[in-house]
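**Q** model the following, please.
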Amino acid sequence: MKKILFILIIAALFINSSAYAEQISLDFSARKPFNAAVRSALMPGWGQGWNEQPTKGWITFGVFAVSVAGAFYFNSESEKKYEKYQDQGLINGDYYNDYESNRTTSQVFTFVAIGTWLYGVIDAYFTCKSQNSYPKTSSVQFFYDQKNDGLYLSYSKKIAI
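**A** Numbering: from 1, shown residues only. Just a heads-up that it's a prediction; the model follows:
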């Protein structure tokens with residue numbers, strides 16, 4: 001996933017003929033459905049929070065985080081049980097049953113994590129699309145600066161006092 005995202009960003013920078021200009025800026029602060037979906041793709045729940053649905057955002061993030069943690073935990077446990085099963089050498093031993101059970105549970109958690117991630121992206125997109133547009137008070141920008149020869153990511157938030 002990281003490789004695909006990196007390739008897409010680099011391709012977007014260099015496909016444009018102005019890629020050799022002094023600075024290229026991608027502004028994700030505009031209130032658009034695509035921007036909400038990108039936020040949720042990067043971190044499930046962020047798009048919902050940006051759409052001013054913080055409870056839904058925290059629930060989406062929580063389900064995603066717990067399911068990812070559960071997938072890693074049960075995958076690790078299944079590997080431990082499989083090693084014990086191999087050491088024991090019994091064909092139908094308890095360790096093999098435990099291995100299968102932990103492996104299945106890990107797969108369930110993995111599918112829940114993928115489903116939650118997809119739900120977050122799709123929900124953020126369509127929720128933003130259905131809401132009225134108004135300017136946001138935060139800004140996320142990704143840009144390339146040729147003078148300093150680097151890619152930069154900046155985040156700013158306006159607060160009213």
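
**Q** all strands of the protein, in order?
**A** 23-27, 138-145, 150-157 (DSSP state E).

**Q** and the residue nearest to residue 100 when sequence neighbours are not counted, what does it touch?
**A** Leaving aside its chain neighbours, residue 100 sits nearest to residue 78 (7.9 Å; criterion: Cβ to Cβ, 6 or more residues apart in numbering). Heads up, the C-betas are built off the backbone N, CA and C, glycines and all. Under the criterion of Cβ atoms under 8 Å, 6 or more residues apart in numbering, the contact list for residue 78 reads 98, 99, 100, 102, 103, 106.

**Q** if we use 10 Å, what do you get?
**A** 98, 99, 100, 101, 102, 103, 104, 105, 106, 107 (Cβ atoms under 10 Å, 6 or more residues apart in numbering).

**Q** nearest to residue 128, of those residues?
**A** Nearest to residue 128 among the contacts of residue 78, counting by Cβ to Cβ, is residue 107 at 32.2 Å.

**Q** tell me who's in contact with residue 116.
**A** 44, 45, 59, 60, 61, 62, 63, 64, 65, 66, 67, 68.

**Q** let's see 8 Å
**A** 44, 60, 63, 64, 67.

**Q** now, those residues that are in helices?
**A** 60, 63, 64, 67 (DSSP state H).
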